[in-house]
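Colleague: Give me coordinates for this.
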Amino acid sequence: MNVARSFNNWRKYRQTVSELGRMSNRELHDLGINRADIEMVARAAAR
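Modeller: The predicted structure follows:
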């Protein structure tokens with residue numbers, strides 16, 4: 001994997017964690033996401 005792709009994946013991961021982290025528990029529940037699952041969801045989104 002090249003450096004640019006790794007950087008873009010990291011950026012997508014951080015953005016997803018940030019956006020989901022700003023959501024309320026109710027908003028996360030509506031999406032079917034538990035607060036403890038945010039990092040797992042972000043890793044999947046960054047692939």
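Colleague: from here on, contacts and neighbour counts on C-alpha atoms
Modeller: Fine.
Colleague: show me where the protein has helices.
Modeller: In the chain, the helices defined using DSSP state H lie at 3-22, 25-31, 38-45.
Colleague: which residues sit in contact with the residue most central in space within the chain?
Modeller: A centroid search over the chain (Cα atoms, centre = their mean) returns A42, at 2.4 Å, as the residue closest to the centre. For A42, the contact set (Cα atoms under 8 Å, 6 or more residues apart in numbering) comprises 12-14, 16-17.
Colleague: can you check R26 too?
Modeller: Counting by Cα under 8 Å, 6+ apart, R26 has no contacts.
Colleague: Distance check, it against G32.
Modeller: Distance, R26 to G32, using Cα to Cα, to the nearest Å: 10 Å.
Colleague: which parts of stretch 10-20 are buried?
Modeller: Within stretch 10-20, the residues scored as buried using 16 or more other Cα atoms under 10 Å are 10, 12-14, 16-17, 20.
Colleague: what's next to that stretch, contact-wise?
Modeller: 28, 38-39, 42-43, 45-46.
Colleague: buried subset of those?
Modeller: Counted by 16+ other Cα under 10 Å, these give 28, 38-39, 42-43, 46 as buried.
Colleague: could you dump these to CSV with pLDDT and distance to S6?
Modeller: Output for the buried ones among the contacts of stretch 10-20, formatted as CSV (pLDDT from 0 to 100; distance: Cα to Cα, whole Å):
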residue, pLDDT, distance to S6
L28, 98, 27
I38, 98, 20
E39, 98, 17
A42, 98, 14
R43, 97, 12
A46, 94, 10
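Colleague: Output the below-cut-off pLDDT ranges for the chain.
Modeller: 1 (pLDDT under 70).
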